[in-house]
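> Whatever this is, show me its structure:
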Amino acid sequence: MTAAPALLPSQRVAIVGAIPPQSAAAVQTSGWIDATTFHNYLSMVQLGAIGAAATVDAKLQQATDNTGTGAKDVTGKAIVQFTKANTDDNKQAVINLKQEDLDFNNGFKWFRLSITPAVAATLIAGTVFGVDPRFGFASDNKAASEAQII
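Numbering: from 1, shown residues only. As a prediction, the model looks like this:
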């Protein structure tokens, strides 16, 4: 890949989905994201304090439309479970995604991030970044929740 040093980072990378920071004890998901807008995606899972005996799983799911029709997991796009027992408090994980990781041949061009804390409430957050837009600048395709670019 040719480097593009003249571009600002915000012209190459944008927030396209999020799970806002929160204390949760059940599954939380981003909205469905159109995978045809960028060449690549990076999902970041963030943990704060993990509840007593809690576990946290995260994965990417795919669907055929923006309402989640036919939703299924993306093969190979799940983290190894975080646990309180393993002292995983305040850790992060990232999940890379390329378009070819999705089942495009069967119409699966939408995806989302899913984070599942279980057993006890845990501080979580998730961000999905679109990297290298297919057309224009990344900032042209940012999530409405991305309120500022400085």
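> Let me see the ranges of the helices in the chain.
Applying DSSP state H to the chain gives helices spanning 9-12.
> for it, what spans make up the strands?
Counting by DSSP state E, the chain has strands at residues 13-24, 28-29, 33-34, 38-47, 55-63, 72-78, 82-83, 92-98, 110-118, 122-133.
> Need those in CSV (columns: distance to D140, mean pLDDT and mean neighbour count).
(Each C-beta comes from the backbone N, C-alpha and C, glycine too.) Formatted as CSV, the strands of the chain follow (distance: least, C-beta to C-beta, whole Å; pLDDT from 0 to 100; neighbours: other C-beta atoms under 10 Å):
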stretch, distance to D140, mean pLDDT, mean neighbour count
strand 13-24, 8, 98, 18
strand 28-29, 25, 99, 17
strand 33-34, 13, 98, 19
strand 38-47, 11, 98, 20
strand 55-63, 23, 99, 22
strand 72-78, 25, 99, 14
strand 82-83, 34, 98, 20
strand 92-98, 20, 98, 15
strand 110-118, 19, 98, 23
strand 122-133, 7, 98, 21
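> Between those, which one is closest to S139.
strand 13-24 (5.6 Å; C-beta to C-beta).
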